[in-house]
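> Give me the fold of what follows.
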Amino acid sequence: MQQNVKFEYRNIVKNPLSVEELNDLAKLGGVLVQSLLNKRSKTYKELGKELEDSNELAVANFLAVNPKAIIRPLVVRNNELVIGFKAEEKYS
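Model (predicted):
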């Protein structure tokens with residue numbers, strides 16, 4: 001069954017999220033910006049290990065400059081944020 005769903009795609013590697021956008025997404029999901037960090041990514045392993053004990057602003061700044069370290073996909077629908085592919089990672 002195919003449904004016509006309108007969506008807006010954004011390639012966050014080519015068009016990175018700003019610090020403000022990252023903070024807004026985290027608020028929408030009721031999570032910390034730290035939750036948007038993909039700790040299995042090559043970028044994180046090479047550059048971001050010191051972020052473990054960092055504040056939210058430092059993590060947001062890192063992700064704004066290193067978008068490949070963001071968990072993907074990030075889907076916003078009806079004021080709900082879905083992070084990654086696992087259903088249990090759905091926040092509203």
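> Okay, strands next: where are they in the protein?
Assigned by DSSP state E, the chain shows strands spanning 74-76, 81-83, 90-91.
> could those strands go into JSON lines alongside distance to residue 53 and mean neighbour count?
Yep, even glycine has a C-beta here, placed from its N, CA and C like the rest. JSON lines is the format used below for the strands of the chain (distance: least, C-beta to C-beta, whole Å; neighbours: other C-beta atoms under 10 Å):
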{"stretch": "strand 74-76", "distance to residue 53": "24", "mean neighbour count": "15"}
{"stretch": "strand 81-83", "distance to residue 53": "22", "mean neighbour count": "20"}
{"stretch": "strand 90-91", "distance to residue 53": "23", "mean neighbour count": "14"}
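> tell me the contacts of residue 41?
Residues in contact with residue 41 (C-beta atoms under 8 Å, 6 or more residues apart in numbering) are 68, 69.
> what about it, distance to residue 69?
5 Å (C-beta to C-beta, to the nearest Å).
> circling back: minimum distance to residue 15: which of the strands of the chain has it?
strand 74-76 (13.1 Å; C-beta to C-beta).
> So which elements touch that closest one?
When contacts are defined as 3 or more C-beta pairs under 8 Å, 6 or more residues apart in numbering; DSSP states H and E, strand 74-76 packs onto helix 19-29, strand 81-83.
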